[in-house]
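> here are the coordinates; sequence isn't available:
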């Protein structure tokens, strides 16, 4: 015998019990085969729907976290703007210079003019 004939015999011996089961169940007819294919398609599409729903939930959670972070950053930005406007007032700068740094306005006699040449 040739090797290909031996392979065919081995394949037939491996698949023959399964073919007998399929024949007994009536799954070798075209209508039964079509039913099995349709059921497989419904199963696969159902699993894909579950997977997509799962991914959408995680993506929505990530979106909510990013929105919360954006709100927190907006609040911090507003606080920084208020702080900047508070420190930018001229009267406040002069007050801090006099109180904390003990600065004063110089007397006219203490002012020295320097030439540029």
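Yep, that arrived. Just so it is clear, the structure is predicted and the values come from calculations on it, not from any experiment.

> And the contacts of stretch 35-46?
If you take C-beta atoms under 8 Å, 6 or more residues apart in numbering as the criterion, stretch 35-46 is touched by residue 27. Where C-beta positions appear, they are placed from N, C-alpha and C, glycine not excepted.

> please redo it, this time with the cut-off set to 10 Å
Outside stretch 35-46, the residues within contact range by C-beta atoms under 10 Å, 6 or more residues apart in numbering are 22, 27, 29.

> Which ones among these map onto helices?
residue 22 (DSSP state H).

> Out of the contacts of stretch 35-46, flag the one nearest to residue 93.
Nearest to residue 93 among the contacts of stretch 35-46 is residue 27, at 90.1 Å by C-beta to C-beta.

> what number of residues lie near that closest one?
13 (other C-beta atoms under 10 Å).

> ok, so of the contacts of stretch 35-46, who is nearest residue 87?
For those, the nearest to residue 87 is residue 27 (82.7 Å; C-beta to C-beta).

> for the helix or strand encompassing residue 63, the distance to its chain's centre please.
Taking DSSP states H and E as the criterion, residue 63 maps to helix 30-87. Distance, stretch centre to chain centre, for helix 30-87: 8 Å (C-alpha atoms, centre = their mean, to the nearest Å).

> Done for today, thanks.
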